[in-house]
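> Generate coordinates for the sequence data below:
(2 chains)
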Amino acid sequence: MLRTTAVALTFLALALTAGCGHASPSTHPPDRTPEGGASLDAPSAAPTEVEPAPINAPNACLSCHTDKQQLIDTAAPVEVAPSESSGVG
Amino acid sequence: MAPLEPWEKVLISDAPAYLDSVHGHIVCTECHGGAQSPDKETAHEGLVANPSQDFEKTCGECHPDVVSIQPGNLHVTQAGYWTVLDQRSTPESHSALENMFDNHCASCHTTCGDCHVSQPGTVGGGFIDGHVFQKTPSMTRNCTACHGSRVGNEYLGKNEGLRADVHFREGRMNCVNCHDGSEMHGDPGDCMTCHPGGEEAIALPPADHRYAGVQSPRCETCHASAATGQDGTPMHVVHGGDLSCQVCHSVSYSNCDGCHVAVSEKTGNPFFSTDATYLGLFIGRNPRPSYERPYAFVLLRHVPIAPDNFDYYGEDLLANFNRLPTWVYTTPHNVQLDTPQAESCNACHGNAEWFLTADRVKPAELRANQSVIVGSVPAPVPLEEETAP
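Prediction:
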């Protein structure tokens, strides 16, 4: 009797938690409203799928570009030639 | 605007905010090329710093509605330069002028990213907000970063002794309150894109000048009662149709004389030199009267052009210089309710101070400006008429 009850409870627990996995990245379609203004009729060209960034995947670009000190340390020296222009541009 | 430090230009200052945004879901290398590597040299091999230079490939995949109208976008095409260069020159000069244009003018070309991600390259670039895409560009870090010496200074009240435009001073309005996205991105190729259903719409030729075609923006959109003379202002009844709004409601604005260009022998860099810059308000005849702009008088601004501007690139490249005025239709961004020229009827009538008469035009430019020079200043209004309610 105890074994039967334990098996039944296990199946019940599995059934109740079946939908609780990690959510996948958002697949909402991109906003088609033109930036900064009124919407226009969209032409027929179909958008191409873009590769979604895997969540939690190592991203060397982000690792560096979110690290202020690393950007300071690796920045190329800027050589600015004095401008010979004169007057209002 | 102080330039950003090199690190500051490329720092993603708020990674969670960026990664939560739509564009943050795209792998960096998808748009920028390069490679995923902790080594800078390896990561930057084949890097595309400004992906929207190729906007059809990058932005166009998700924003085809905007990208499809780019052929009509002056921010991209810079067609305005060629509207005047073509008319002032002959075909034999075009090759030399194209060389000049590439050296001195093409840097004002604007990409999607120059408005929606970064400051424009002409002011050194750099993220506006840590790579988070901005639906609405920043007025000061995008719009007036390029349109600064005239529009920006006028609108923000940076010309000494002159107040900021009332729309900014009182209304805190920014550029996009009047200039919406459809204007920024270029007009569709034909009217039917937005207004299907009428043959008349198809028959309208596309505007060939920024002061041709439909007025957009137009003051009357918000100030309808003024336009119809129903706001209790007698001057709107008398002058509503023959003066552009700015004639009475603008104040002094910047004018520039010739902009000479050359390439430095020392550095190899292109440079320019403008002859003079001065403030003033000049009422002249409308060079482009049309159904949309029927005014007899408009404000005129001297543009930085002179016959010898491009002599570094060849002799007499502007052989047809006189085909266009050097004083051109302008709509200064320094609107005020009360202005000196509109204080009373005779503040303007009989007052030569405000008008572009022949004696105020350089002798060498008289022929070019025949169509806009005011022959005689309007006569003073009799006193009893001026004081009538």
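
> Excluding residues flanking it in the chain, which one is nearest residue B:367?
Once flanking residues are discounted, residue B:367 sits nearest to residue B:322: 4.7 Å by CB to CB, 6 or more residues apart in numbering or on different chains. All C-beta atoms are positioned from the backbone trio N, CA, C, and that covers glycine.

> mind listing what the nearest residue to residue B:264 once chain neighbours are set aside touches?
Once flanking residues are discounted, residue B:264 sits nearest to residue A:84: 5.2 Å by CB to CB, 6+ apart. By CB atoms under 8 Å, 6 or more residues apart in numbering or on different chains, the contact list for residue A:84 reads B:264, B:266, B:267, B:269, B:271.

> if I read this right, the fourth one contacts residue B:263, doesn't it?
Yes: using CB atoms under 8 Å as the test, residue B:269 is close enough to residue B:263 to be in contact (7.1 Å).

> For the stretch 51-200 of chain B, just list every one of the helices.
Counting by DSSP state H, counting those that start in this stretch, the stretch 51-200 of chain B has helices at residues B:64-67, B:74-77, B:79-88, B:94-104, B:112-116, B:144-146, B:153-155, B:166-169, B:175-178, B:181-185, B:199-203.

> Roughly how far does residue B:139 sit from residue B:105?
To residue B:105, residue B:139 is 24 Å away according to CB to CB, to the nearest Å.

> for residue B:213, same thing?
Taking CB to CB, one finds residue B:213 at 24 Å from residue B:105.

> Just the pLDDT for residue 4.
No chain was given, so I picked chain A. Listed pLDDT for residue A:4 reads 54.

> Hmm, no, I was thinking of chain B.
90.

> With residue B:8 instead?
95.

> from what I can see residue B:292 touches residue B:216, true?
No: in this structure residue B:292 lies outside contact range of residue B:216 using CB under 8 Å: 9.5 Å.

> any weak-confidence spans in chain B?
Under the criterion pLDDT under 70, the flagged ranges of chain B are B:1, B:188-194, B:197-205, B:384-389.

> Which residue would you name as the spatial centre of it?
residue B:147 (6.5 Å; CA atoms, centre = their mean).

> For that residue, give me the backbone phi and psi.
Backbone torsions of residue B:147, given as degrees, to the nearest 10, read phi -90, psi 60.

> Tell me how many other residues crowd whichever residue of the stretch 151-300 of chain B sits closest to chain A.
Nearest residue of the stretch 151-300 of chain B to chain A (CB to the nearest CB) works out as residue B:181 at 2.0 Å. Applying other CB atoms under 10 Å in any protein chain shown, we find 19 residues neighbouring residue B:181.

> returning to what we had before: and residue B:269 and residue B:263? Which one has more around it.
Per other CB under 10 Å, whichever of residue B:269 and residue B:263 has more neighbours is residue B:263, with 16 against 13.

> Now the more buried one: closest residue in space that isn't a chain neighbour?
Leaving out its chain neighbours, the residue that sits closest to residue B:263 by CB to CB, 6+ apart is residue B:270, at 5.2 Å.

> just residue B:100 next, same as before
residue B:313 (4.7 Å).

> can you pull the contacts of the one you found?
Neighbours of residue B:313 in contact, by CB under 8 Å, 6+ apart: B:96, B:97, B:99, B:100, B:261.

> okay, now residue B:168: neighbour count?
Close neighbours of residue B:168, defined as other CB under 10 Å, add up to 21.

> same thing with residue B:289?
A total of 12 residues lie near residue B:289 under the criterion other CB under 10 Å.

> roughly how far apart are it and residue B:298?
In this view, residue B:289 and residue B:298 are 9 Å apart by CB to CB.

> related to what we said a few turns ago, would you mind checking which of the contacts of residue A:84 is nearest to residue B:349?
Minimum distance to residue B:349 across the contacts of residue A:84 is 45.1 Å, recorded for residue B:271 (CB to CB).

> wait, is the closest one part of a strand?
Yes: assignment of residue B:271 by DSSP: H, G, I helix; E, B strand; the rest coil places it within a strand.

> Give the bridge partners for it, please.
residue B:262 (DSSP bridges).

> could you list every residue that touches it?
When contacts are counted by CB under 8 Å, 6+ apart, residue B:271 is found next to A:83, A:84, A:85, B:261, B:262, B:263, B:264.

> Select only the buried ones of those in ChimeraX?
A single ChimeraX command selects the buried members of the contacts of residue B:271 (16 or more other CB atoms under 10 Å in any protein chain shown):
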select /A:84,85 /B:261,262,263
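
> Of the contacts of residue B:313, which is the most crowded?
Going by other CB under 10 Å, residue B:100 tops those with 23 neighbours.

> Verify the stated contact: it with residue B:272.
No: at 10.8 Å, residue B:100 and residue B:272 do not qualify as touching, with contact defined as CB under 8 Å.

> was I right about residue B:290 contacting residue B:212?
Yes: with contact defined as CB under 8 Å, residue B:290 counts as touching residue B:212 (6.8 Å).

> Give me the below-cutoff pLDDT ranges for chain A.
A:1-57.

> All the strands of chain B, residue numbers only.
In chain B, the strands defined using DSSP state E lie at B:253-256, B:259-263, B:270-274, B:277-280, B:283-285, B:297-302, B:327-330.

> Only the buried residues of the third one, if you could.
By that I understand strand B:270-274. Quick answer for strand B:270-274 (16+ other CB under 10 Å): B:270, B:271, B:272, B:274.
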